[in-house]
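Asks: need a 3D model of the following:
(chains A, B, C and D)
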4 protein chains.
Amino acid sequence: MTTIKDSVHDHIAVEGVASALLDTAAVQRLRRIAQLGTVSLVYPSANHTRFEHSLGVYHLACEALDHLGVHGQQAERVKAAALLHDIGHCPFSHNVEELVYRHTGKYHDDVEELLASSPVGDVLRANDLDPSAVAGLIAGEGQYGQLVSGELDVDRMDYLVRDAHHTGVPYGTIDHERLVRELTFLDGELVLAEGNVQTAESLLVARALMNPTVYSHPVARIGKTMLRRATEHLLEAGASTAAEVRRMDDYDLIAALRGNERTERYARAIDDRDLFKRAVWAEFDDVPDSLLSADHDRVRDLEADIAGRAGVDPEHVVIDVPSRPSMTESTSRVVVNGDIRHLGEQSPLVDALRAAQRSQWRFGVYAPDAVTESVGGAAASVLGLETDGGLVTEVRRGDYATLEEFGHGE
Amino acid sequence: MTTIKDSVHDHIAVEGVASALLDTAAVQRLRRIAQLGTVSLVYPSANHTRFEHSLGVYHLACEALDHLGVHGQQAERVKAAALLHDIGHCPFSHNVEELVYRHTGKYHDDVEELLASSPVGDVLRANDLDPSAVAGLIAGEGQYGQLVSGELDVDRMDYLVRDAHHTGVPYGTIDHERLVRELTFLDGELVLAEGNVQTAESLLVARALMNPTVYSHPVARIGKTMLRRATEHLLEAGASTAAEVRRMDDYDLIAALRGNERTERYARAIDDRDLFKRAVWAEFDDVPDSLLSADHDRVRDLEADIAGRAGVDPEHVVIDVPSRPSMTESTSRVVVNGDIRHLGEQSPLVDALRAAQRSQWRFGVYAPDAVTESVGGAAASVLGLETDGGLVTEVRRGDYATLEEFGHGE
Amino acid sequence: MTTIKDSVHDHIAVEGVASALLDTAAVQRLRRIAQLGTVSLVYPSANHTRFEHSLGVYHLACEALDHLGVHGQQAERVKAAALLHDIGHCPFSHNVEELVYRHTGKYHDDVEELLASSPVGDVLRANDLDPSAVAGLIAGEGQYGQLVSGELDVDRMDYLVRDAHHTGVPYGTIDHERLVRELTFLDGELVLAEGNVQTAESLLVARALMNPTVYSHPVARIGKTMLRRATEHLLEAGASTAAEVRRMDDYDLIAALRGNERTERYARAIDDRDLFKRAVWAEFDDVPDSLLSADHDRVRDLEADIAGRAGVDPEHVVIDVPSRPSMTESTSRVVVNGDIRHLGEQSPLVDALRAAQRSQWRFGVYAPDAVTESVGGAAASVLGLETDGGLVTEVRRGDYATLEEFGHGE
Amino acid sequence: MTTIKDSVHDHIAVEGVASALLDTAAVQRLRRIAQLGTVSLVYPSANHTRFEHSLGVYHLACEALDHLGVHGQQAERVKAAALLHDIGHCPFSHNVEELVYRHTGKYHDDVEELLASSPVGDVLRANDLDPSAVAGLIAGEGQYGQLVSGELDVDRMDYLVRDAHHTGVPYGTIDHERLVRELTFLDGELVLAEGNVQTAESLLVARALMNPTVYSHPVARIGKTMLRRATEHLLEAGASTAAEVRRMDDYDLIAALRGNERTERYARAIDDRDLFKRAVWAEFDDVPDSLLSADHDRVRDLEADIAGRAGVDPEHVVIDVPSRPSMTESTSRVVVNGDIRHLGEQSPLVDALRAAQRSQWRFGVYAPDAVTESVGGAAASVLGLETDGGLVTEVRRGDYATLEEFGHGE
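Replies: Below is the predicted model:
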């Protein structure tokens, strides 16, 4: 048994197959992938990695399995899946995965292939575990897959608490021990036992408050789009392929960006935190539907149009269209008076948080500080955005408060 | 300067008038008043007192005044009010104040009179502060009164964090430092500065999650009604007057209850945690309006009727009608695009939390474990409650899970 | 299974015999005994009770037994002992136990008798546990008794962390999870496994730093002597017997002190924190050996002599002679290169901490603020203390800094 | 004013010159330098950076200056020095600085030159601060330099607490707020005010417990020597100069090591945590003095001799000679009875901790797991180490417990 000291869960005991997996290069690589990517540009303490998160997910999976009374090979399989669930992640976690998806058709590295072919597969097979079964659990398949990837999975229980701990933002501080203790299976579905409507709500609320404050903080989003743009140039320059990028760690990607003449200025801008600012920051209802559905090439064309109209370097306009608002946790299931109910049926909070999320959703156009005004104006006319009311006010807030910049979004 | 070590805010520096007030008997009395009354029957660590809370409120008031740039006598007045804001509290905080109100017309001791007449008044006057002005601030009057008693007051910022710390329930863990830093006055109104809709929401959410889990936990409510019933007997027996009770500390009240033959059995039941259980636990919509508006005498009559029909000792039926759902924080004000808006207009969460609160609201009838079934049946027919559907199920849940009993409500 | 939320260990699962013991009046009484007695006069947040501490000790015992692989009745016996270990404590924990000892020959209530006769005994027997065996474990007898009461017992692991948490003083923050995981039995002795010299040292250091800062803080000691003096009057007045006092809870004792004319002024002084101050504060080497060995009657005579010489009310002089410095943890055992060694042999820290403890040891004479100077002088001559050098300086420090008074000792 | 959220100190307000310094590339570079270098190989959560530490030191400096009543330009100078104090650090903090020293004669980059020449100097001069005066403060010169670099500097107060927070090891949890509040100047010397012998001791103890557990953990030391060896090859291969290395960040160094054929295998070993193990682990008294004084070339020769005798690849033997035990904090000054005393005179702990430190000191020879036995034997005879008693036992402990490896040293 290996015991590892963790800043969130204190001592984590690693046993069985997990102990052998720990030493594989694929798991050790997670030490060099920042859990929150460019969020550390806003919250300087947020330097935690996918490795410690994976250990935490493994730890909570062990506790949940113990409470559920699951033992033996079934439990080993789930524990392996918990430890390995992020093994296919790209460098900087979610920051460049969209790009990788565009080129490879997959957001992540191919987990099933990765498990089958690498030394990870050897370890699994040596412990009588089928790599493709483990990959299935990671994909949320089957009864036990719900524990690893689903509305009540231990993944989100760990990341909420861990991200709160490392950013210093208390909103993610859920009662993860209670959640883990109250999980139960009913008719093959993972649910929270009787008396836990509020426990389920607290998970939803934590996610809803962490989202704009941490995960979608404007400055983190700007950093992410700059990193993605730079990586795109890297691919276009033929310096790396998407398949290579997705197997890099953060060090590889930064080194590649610094070493290429087309991307070097982006690398320096991120290093020096010399970031673009918001030229447009528009609400969901002010954005034409065509823009929400625009594909990548169309977006690049629009950026060029805006740059042309504003008379600026085309590299100085970045459009950032987040996906439409959605809320996974709303379908988490709770037992109420003996019946399984979706939280969305039971709790008025679900609709409200969905509305709140929609009202916090923002479309962004970013540009260097000196040209935000001209780019903002050009973007409004090129994109057909509403130019009166909230939008213009928002555009004018190019010089937004530093507390917000460093600490919190609206 | 006195520096006091606090488990929540670490070091609290006490200066000026507060330093002199600290040593008065009226402030020292707060050491012997439990912050959460009978909540410690559910959460055994919740033994914190009004004294440490008052120090915390004083501390946050100092920080807020500093950020607001308020100094001199105006600041001293607010700091005195912050330290003294709970000085009129009854023993066990809010547990018996309803009873005191019924007999004296005041929930608390008369703060204005208390400040004027006691050594507290002497200290205030010696520091050139007018006791009645301080009492006004405690009542939330004037621009600065909003800091002490209002939707964004430092009182709630301290108690949410402190109650979370001592119960172990994380839901109250707000970002109190951010709240204090973002307070500002606009047109004489205390508001949160631009960019803080979510900060305001987090306060609301914390309150909404702490409420059923901690403040209105069924077991705490049962303990409270038993304590109140016992105190009522004490008054009826002429052993103490309501005016005396409100000046007692927790020790006095417990001693009085132990020492009177009519109340001694209640004292022992609370000591031994041998509490009544829920015979009825009904939702808001299942409770006739007449019951919600019933006055105290009418409630006592109904208890007697239920006991009669169930054939049990009249002392063995207690009706607990909470006041109608309400939500103070919904009117907290935030600056959005330069205008002051009520949070209720700005955030869809307010209505949802109001609905959630209404759905969590419960009417209770309590009785000894052995007779909950007969009392529940009798109560349903005497009170005209719906007997099918949710209610009956709830009544049957007399044998509810201990995790819920000790730890959390639904 | 009952799950209880604790502010230190989060969720504590209570099962088996412990679950039944929880509801006995003898265990519930611990809710009303302050863990640190008069320490809350210095650290206002230190209002935690013997009940939550006992739960914590039970929790750590469960973890330790699990790591040690002890199950079945043996484990149940140890768990019962852990939960019950403080059941005989006097009100205000250690504050009045010396007095009780003088009158009854026992520091605590008689644990063996208490276990045998009360409903606690019934519960134990109903679970096939022998009350006297459990009492033996509480007394530290046998191999497993070391877990409950010994140099490496789980009692001290809980109280150090808990007292640190509630006072806000970080020095007690040991790595209790590591300690519990590294406990092992070697030749029937409870030891820390190989590689833990420093783990053992950290326990010793935590105790050594908490001692003068918290447990023996001058103000806590003054409060304690005043409480003890008052209780002594209560006994002398025949209002209560020592056997009664030791079964009281804090509420009973305070009520008794308030209700007796000889003790009522002490009760008020403690309530109002209107405490005596140090008239003498002498180092170990400056105190004659005869004084260290003086019995109670001799001490009372000396107090009268001092009062006479100083011309003050005899009630206004209290002598406080702590027992000679000692250090339990110094004999804790650690495995080094396969052999069991006493920490004292292995670590140079043990001797140093013993020396530090001796240098921090203080003999005190306390008196009301206004007469500390005259009482100090009279005491110096009556007791034959050194009057030049350190002592006089200390006596002059009657007006010591408030940070020290509230927060820390030297 | 910029407000930055920090996981240790919560909100840090950055104002004045510090606010402008924050945006310089030299300060932003600290985001990419791990505070504890290879310690994250042992404690996976220890990924915090010099940037957040520098912010913390700045924050504590502001608090200390405020308590000391220092304002204006003098305060600005100290604050700038606090924020900039680590600006010259090499990649991986202290891991390669010895190597840089050997080649450049300086452990760090030249701080004075760095401040004078870079944009940092422009910012300082624009704020009427003399760069060389700031460099002097960083070097600990003058009265105020003691705050930045001295026995009671705010640097160590931040790093102890921060390293404890991020490793999860509680030993560094000092009462930093108390320390900062009790600092005072007496005759131009920075001292702790009366009543703080124990406060000073706690700082010393924290450092003494963190040292073997965290800073000098065997695995961290092995990682460090491997990183240093690799960097040495890089210099020898002419791929980089020492002057270049010291201006790199962690990303640059890792990229350089991965990209060079002589160092690439070291980079992979560190990435995969495939580390050498201890072949020799000898106590201070068992190491010949000549070895302690051996210069670098001599050490390289000895490594070659050992490899030759053991018949292994010369790259597979690394000698690690730590510098002789020393203890900075022992000369920290405390006021006792009005006089300044060195802690070493006042506290018996100082000598004991010095002895403990000496007893924990270890000389190491590291080699791949498969050859530790042969390398250990060869080293013992080449280096003239004692081969009986403790040493041999230690050598045999090549298969040491994983808890120790991951979590704690002895």
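
Asks: and the helix or strand where residue A:134 lies, what's its mean pLDDT?
Replies: Assigned by DSSP states H and E, residue A:134 belongs to helix A:131-138. The average pLDDT for helix A:131-138 rounds to 96.

Asks: what helices or strands is the helix or strand following it leaning on?
Replies: Per DSSP H and E, the first helix or strand lying C-terminal to helix A:131-138 is helix A:142-148. For helix A:142-148, the elements it packs on are helix A:50-68, helix A:72-84, helix A:131-138, helix A:154-167, strand A:189-192, judged by 3 or more CB pairs under 8 Å, 6 or more residues apart in numbering or on different chains; DSSP states H and E. In this view, the C-beta of every residue, glycine as well, is placed from N, C-alpha and C.

Asks: what are the buried residues along helix A:142-148?
Replies: By 16 or more other CB atoms under 10 Å in any protein chain shown, the buried positions in helix A:142-148 come out as A:144-148.

Asks: so how far is it from its chain's centroid?
Replies: Taking CA atoms, centre = their mean, to the nearest Å, one finds the center of helix A:142-148 at 20 Å from the center of the full chain.

Asks: just the CA coordinates for it, please, in PDB.
Replies: C-alpha atoms of helix A:142-148 as PDB (Å, rounded to 0.1, in the frame of the first residue of the first chain):
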ATOM      1  CA  GLY A 142     -23.100   0.700 -17.500                       C
ATOM      2  CA  GLN A 143     -24.300   0.900 -13.900                       C
ATOM      3  CA  TYR A 144     -20.800   1.600 -12.500                       C
ATOM      4  CA  GLY A 145     -19.800   4.000 -15.200                       C
ATOM      5  CA  GLN A 146     -22.200   6.500 -13.500                       C
ATOM      6  CA  LEU A 147     -19.800   6.700 -10.600                       C
ATOM      7  CA  VAL A 148     -17.000   7.800 -12.900                       C
END
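
Asks: pLDDT at residue A:400, what is it?
Replies: pLDDT recorded at residue A:400 is 27.

Asks: what does the helix holding residue A:134 rub up against?
Replies: With CB atoms under 8 Å, 6 or more residues apart in numbering or on different chains as the test, helix A:131-138 has contacts from A:77-78, A:80-81, A:84-85, A:111-112, A:115-116, A:120-121, A:124-125, A:142, A:144-145, A:147-149.

Asks: mind running it again at 7 Å?
Replies: Residues outside helix A:131-138 that contact it (CB atoms under 7 Å, 6 or more residues apart in numbering or on different chains) are A:77-78, A:80-81, A:84-85, A:111-112, A:115-116, A:121, A:124-125, A:142, A:144-145, A:148-149.

Asks: out of those residues, which end up buried?
Replies: Among the contacts of helix A:131-138, those classed as buried by 16+ other CB under 10 Å are A:77-78, A:80-81, A:84-85, A:111-112, A:115-116, A:121, A:124, A:144-145, A:148-149.

Asks: reduced to three states, what does the residue of the stretch 51-200 of chain A at minimum distance from chain C come out as?
Replies: Nearest residue of the stretch 51-200 of chain A to chain C, counting by CB to the nearest CB: residue A:177, 4.8 Å away. Secondary structure assignment for residue A:177 (DSSP: H, G, I helix; E, B strand; the rest coil): helix.

Asks: the closest residue to it other than its chain neighbours pairs with what?
Replies: Of all residues beyond its chain neighbours, the one nearest residue A:177 is residue C:11 (4.8 Å), with distances taken as CB to CB, 6 or more residues apart in numbering or on different chains. Note on residue C:11: beta-bridge partners by DSSP bridges are residue C:5.

Asks: list the contacts of residue C:11.
Replies: A:177-178, A:181, C:3, C:5.

Asks: and residue A:229, by the same measure?
Replies: Contacts of residue A:229 by CB under 7 Å, 6+ apart are A:266, A:318.

Asks: for it, phi and psi?
Replies: phi -60, psi -40 (degrees, to the nearest 10).

Asks: how close does it get to residue A:94?
Replies: 16 Å (CB to CB, to the nearest Å).

Asks: how about the helix holding residue A:134: buried residues?
Replies: A:131, A:133-138.

Asks: same question for stretch A:254-261.
Replies: Judged by neighbour count (16+ other CB under 10 Å), stretch A:254-261 contains these buried residues: A:254-258, A:260.

Asks: tell me which of these fall in helices.
Replies: Mapping the buried residues of stretch A:254-261 onto helices (DSSP state H) picks out A:254-258.

Asks: distance to chain B and pLDDT added to these, as JSON lines?
Replies: Formatted as JSON lines, these follow (distance: CB to the nearest CB, whole Å; pLDDT from 0 to 100):
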{"residue": "A:254", "distance to chain B": "31", "pLDDT": "97"}
{"residue": "A:255", "distance to chain B": "37", "pLDDT": "97"}
{"residue": "A:256", "distance to chain B": "36", "pLDDT": "97"}
{"residue": "A:257", "distance to chain B": "32", "pLDDT": "97"}
{"residue": "A:258", "distance to chain B": "34", "pLDDT": "97"}
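
Asks: out of these, which are close to chain C?
Replies: Among these, no residue sits close to chain C (CB under 7 Å from any CB of the partner chain).

Asks: and of the residues you listed, the nearest to residue D:381?
Replies: Comparing those against residue D:381 with CB to CB places residue A:255 closest, at 43.5 Å.

Asks: list the residues that contact the closest one.
Replies: D:251, D:255.

Asks: recalculate using a threshold of 10 Å.
Replies: A:248-249, A:267, D:251-252, D:254-256, D:258-259 (CB atoms under 10 Å, 6 or more residues apart in numbering or on different chains).

Asks: what about whatever residue of the stretch 101-250 of chain A ends up closest to chain D, how many residues nearby?
Replies: Residue of the stretch 101-250 of chain A nearest chain D, by CB to the nearest CB: residue A:168 (4.4 Å). Neighbourhood size, residue A:168 [other CB atoms under 10 Å in any protein chain shown]: 23.

Asks: residues in contact with it?
Replies: Residue A:168 makes contact with A:43-46, A:214, A:407, B:175, B:177, D:4-12 under the criterion CB under 10 Å, 6+ apart.

Asks: lowest-confidence helix or strand of chain A?
Replies: helix A:390-396 (a mean of 35; mean pLDDT, DSSP states H and E).

Asks: from residue A:368, how far out is residue A:95?
Replies: On the measure of CB to CB, residue A:95 and residue A:368 end up 20 Å apart.
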